[in-house]
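K.L.:
Sequence and predicted structure are below.
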Amino acid sequence: MSYRSNLEKILSEGRFVVTAEIGPPKGSDAKKIRDKAEIVRGSANAFNITDNQTAVVRMSSLAGCVILLQMDLEPIMQMTCRDRNRIGLQSDVLGAAALGVRNILCLTGDHQSFGNHPAAKGVFDVDSIQLLQIIKNMRDAGVFQSGDPLLAERPSVFLGAAANPYADPFEIQVDLLRKKIDAGAEFIQTQSVYNVEKFARWMDDVQSQGLDKKVHILAGITPLKSVRMTERMKFHVPGTDVPDVVYQRMKNASDPAKEGYTIALETIRELKILPGIHGIHITALFWEEIIPALVKDAGLFHQI
Amino acid sequence: MIITKQKNLEEILRVLGNGPVFLIGCSECATLCHTGGKDEIGAMKEALEKRKIPVSGCIILDPACHLNNNKRMLKEYSKEIDRSDKILVFACGNGVQTVAELFAEKEILTGTDTLFLGEISRGNEFDKRCMLCGECLLDIFGGFCPVTRCPKSMLNGPCGGSSGGKCEISSEMECVWDRIYQQLKNKGKLQVIDVIQKPKDWSKAVEMKRRV
Ligand code: SF4
Ligand code: SF4
């Protein structure tokens, strides 16, 4: 069997996977991204490059992915629907595939009002589910969204999407996951987990519908670095669920960064043994240097 | 209804400079959202005259977006209009342009910002409902428009930021997908959410003219 990407290969072999996020710089210096990548080299199987995350302008995801490829690292290109219409998105899928990108994560994207250009016009011509289906059809049927055929080579990419067990209404989150799978998602990276109990309830539903057999689910981890960050996540970041116990632990800690690290470690250990979880996705916001130790201490290192 | 808001007086004065000026309001939407009805035009006349800006006359068009009707109604005011180089219109962007069509030689000024197509939900409250997309999808979504009322125009379900019925953009805003979900649930039609809605056909929204 030939695989489109190494990520697909190891997931298909049933091995536990680690992915980690790298945020591109707010500038054109490629070294910035290389330095970050060197820190996490060997600590994950593939690396997400964000696409103007939280609507803040940064180096493009595609450029970041190519820099990683030059370093022999495997990128996952994040694509949001906020800044490009279906013409721009499809064109970038072709370009990315031509340059060697083999994993694409389809997201709708944060609204422009959150970022550093709130006066921008949001595009949102398609949503993440439509984007998945568009790329799947380009790849499998050889047609663009309009029905027009691709003429020279189809983009051979492994497709991913996000899932958030903490969003409302809770009852339809599994339906939305099924919809993403139907649209073309082959792997899922979830929202960062702090509330393991609620996550496990969602996974129960996912399993009862057999969806964990149809898609590879990687659970999200974001280590808390400070009380301030915990408060931001708890009170201001939409769609995150930081339980009171976690908040209290961070507040009472003499060394919050250490406590946040311990919490992340404990969470990974709990998630690792949850049936249906095929990997961990680490987003260490401005704290990439913690990733190697975290992966090692969590006993994930030997898997990579 | 087309919802407008009046530009603030300082801004109007800055653009207006000296008079004299002729004022135009509208009997329909701009009256209902208190931006260009009789009361507002009267108050504007007073405010301008207090600042020594002469107002040569005023009229409430019925409504401002009706070209031939405007011609007829404005004919009776030709003397007052002749005395002003400037016409200040308090109607929606459409009303202002319909007036501009008639007075190539005058300076047409806009007294309002046109916000959206919406409903009067309470006496003084207006909510955006439609963005005139050219192909109405309301039947699918139980009568709630995600194209307009979801800031990301999501057609396939709520985004990951929907929380407690509120939109991730602001706790003041409802998440329309929560409304759609409740509505479909009450009607026993939740399976609608399982259907992948195709990307919208925006070619339907580029019409510039319609003839019947
Ligand atoms: S679907 Fe289109 S026409 Fe119908 S309410 Fe929404 S924006 Fe208006
Ligand atoms: S919270 Fe609801 S209304 Fe707001 S952007 Fe997300 S889906 Fe749309």
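P.N.:
Right, received. Where do you want to start? Ligands and ions are numbered 1, 2, ... in the order given.
K.L.:
ok, which stretches of chain B are strands?
P.N.:
With DSSP state E as the criterion, chain B has strands at B:2-6, B:21-26, B:55-61, B:86-89, B:107-110, B:112-122, B:125-130, B:166-167, B:170-174.
K.L.:
Packing partners of the last one?
P.N.:
What it means is strand B:170-174. strand B:166-167 (3 or more Cβ pairs under 8 Å, 6 or more residues apart in numbering or on different chains; DSSP states H and E). In short, each C-beta sits where N, CA and C put it, glycine included.
K.L.:
give me every residue that touches whichever residue of chain A sits closest to ligand 2.
P.N.:
In chain A, the residue that lies nearest ligand 2 is residue A:111 (6.3 Å; Cβ to the nearest ligand atom). Residue A:111 is in contact with A:55, A:82, A:122, B:151, B:152, B:168, B:169, counting by Cβ atoms under 8 Å, 6 or more residues apart in numbering or on different chains.
K.L.:
Try it again at 6 Å.
P.N.:
B:151, B:169 (Cβ atoms under 6 Å, 6 or more residues apart in numbering or on different chains).
K.L.:
if you compare the strands of chain B, which one is most tucked away?
P.N.:
strand B:21-26 (a mean of 28; mean count of other Cβ atoms under 10 Å in any protein chain shown).
K.L.:
one step back: next, format the strands of chain B as CSV and append mean pLDDT.
P.N.:
Below are the strands of chain B laid out as CSV (pLDDT from 0 to 100):
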stretch, mean pLDDT
strand B:2-6, 98
strand B:21-26, 98
strand B:55-61, 97
strand B:86-89, 98
strand B:107-110, 98
strand B:112-122, 96
strand B:125-130, 97
strand B:166-167, 96
strand B:170-174, 94
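K.L.:
Of those strands, which is nearest residue A:160?
P.N.:
strand B:166-167 (25.4 Å; Cβ to Cβ).
K.L.:
is the closest one up against chain A anywhere?
P.N.:
No: using Cβ under 6 Å from any Cβ of the partner chain, strand B:166-167 stays clear of chain A, with a minimum separation of 8.6 Å.
K.L.:
Measure how far that strand is from the centre of its chain, please.
P.N.:
With Cα atoms, centre = their mean, to the nearest Å as the basis, strand B:166-167 stands 24 Å off its chain's centre.
K.L.:
Check stretch A:167-186 too.
P.N.:
15 Å.
K.L.:
Report the rounded mean pLDDT for that stretch.
P.N.:
Averaged across stretch A:167-186, pLDDT comes to 96.
K.L.:
Quick check: buried residues in the longest helix along chain A?
P.N.:
Longest helix in chain A, counting residues (DSSP state H): helix A:256-272. Neighbour counts over helix A:256-272 (16 or more other Cβ atoms under 10 Å in any protein chain shown) mark A:256, A:257, A:259, A:260, A:261, A:263, A:264, A:265, A:267, A:268, A:270, A:271 as buried.
K.L.:
Over to stretch A:283-299?
P.N.:
So, applying 16+ other Cβ under 10 Å, buried residues of stretch A:283-299: A:283, A:284, A:285, A:287, A:288, A:290, A:291, A:292, A:294, A:295, A:298.
K.L.:
and the gap between the residue nearest the centre of chain A and ligand 1?
P.N.:
For chain A, the residue nearest the mean C-alpha position is residue A:189 (4.8 Å; Cα atoms, centre = their mean). Taking Cβ to the nearest ligand atom, to the nearest Å as the measure, residue A:189 and ligand 1 are separated by 32 Å.
K.L.:
List just the nearest of the buried residues of helix A:256-272 to residue B:185.
P.N.:
Proximity of the buried residues of helix A:256-272 to residue B:185 (Cβ to Cβ) peaks at residue A:271, which lies at 30.8 Å.
K.L.:
Quick check: closest non-adjacent residue to that closest one.
P.N.:
In this structure, residue A:271 finds its nearest non-sequential neighbour in residue A:219, 4.5 Å apart by Cβ to Cβ, 6 or more residues apart in numbering or on different chains.
K.L.:
what's the offset of the helix or strand hosting the one you found from the middle of its chain?
P.N.:
Element membership of residue A:219 [criterion: DSSP states H and E] is strand A:216-221. For strand A:216-221, the separation from the chain centroid amounts to 8 Å (computed by Cα atoms, centre = their mean).
K.L.:
Up against ligand 1, what does chain B have?
P.N.:
Applying Cβ under 6 Å from any ligand atom, we find that chain B lies next to ligand 1 at B:130, B:131, B:132, B:133, B:136, B:137, B:138, B:145, B:147, B:148.
K.L.:
now that we have the residues you listed, which one has the most neighbours?
P.N.:
In terms of neighbour count, residue B:147 stands highest of the residues of chain B next to ligand 1 at 21 neighbours, by other Cβ atoms under 10 Å in any protein chain shown.
K.L.:
any idea how far residue B:174 is from it?
P.N.:
Distance of residue B:147 to residue B:174, given as Cβ to Cβ, to the nearest Å: 16 Å.
K.L.:
Then residue B:106?
P.N.:
43 Å.
K.L.:
try residue A:176
P.N.:
Distance from residue A:176 to residue B:174, by Cβ to Cβ: 19 Å.
K.L.:
Next: residue B:181.
P.N.:
For residue B:181, the distance to residue B:174 - Cβ to Cβ - is 12 Å.
K.L.:
Show me the residues of chain B next to ligand 1 that map onto helices.
P.N.:
Short answer: the residues of chain B next to ligand 1 in helices (DSSP H) are B:147, B:148.
K.L.:
For chain A, state which of the residues of chain B next to ligand 1 is nearest.
P.N.:
Nearest to chain A, judged by Cβ to the nearest Cβ, of the residues of chain B next to ligand 1 is residue B:147 at 9.6 Å.
K.L.:
Now do the helices in the stretch 51-200 of chain A.
P.N.:
Using DSSP state H, counting those that start in this stretch, the helices of the stretch 51-200 of chain A run over A:61-70, A:86-99, A:128-140, A:173-183, A:196-208.
K.L.:
Find me the pLDDT at residue B:34, would you?
P.N.:
97.
K.L.:
which non-adjacent residue is nearest it?
P.N.:
Closest to residue B:34 by Cβ to Cβ, 6+ apart is residue B:40, at 6.1 Å.
K.L.:
do residue A:270 as well
P.N.:
residue A:196 (4.9 Å).
K.L.:
Ok, which of the strands of chain B comes nearest residue A:213?
P.N.:
That would be strand B:166-167 among the strands of chain B, by Cβ to Cβ, at 34.0 Å.
K.L.:
for that closest one, packing partners?
P.N.:
Packed against strand B:166-167 by the contact rule (3 or more Cβ pairs under 6 Å, 6 or more residues apart in numbering or on different chains; DSSP states H and E) you find no helix or strand.
K.L.:
lowest average confidence, helix or strand, in chain B?
P.N.:
strand B:170-174 (a mean of 94; mean pLDDT, DSSP states H and E).
K.L.:
what number of residues lie near the residue of chain A found nearest ligand 1?
P.N.:
Here chain A gets closest to ligand 1 at one residue, residue A:124, 13.2 Å apart by Cβ to the nearest ligand atom. Using other Cβ under 10 Å, the number of residues around residue A:124 comes to 22.
K.L.:
Do I have it right that it meets residue B:153?
P.N.:
Yes: using Cβ atoms under 6 Å, residue A:124 is in contact with residue B:153, at 4.7 Å.
K.L.:
Longest helix in chain B, by number of residues?
P.N.:
Chain B, longest helix under DSSP H: helix B:38-50.
K.L.:
So what's the gap between it and the chain middle?
P.N.:
The chain centre lies 21 Å from the centre of helix B:38-50; the measure is Cα atoms, centre = their mean.
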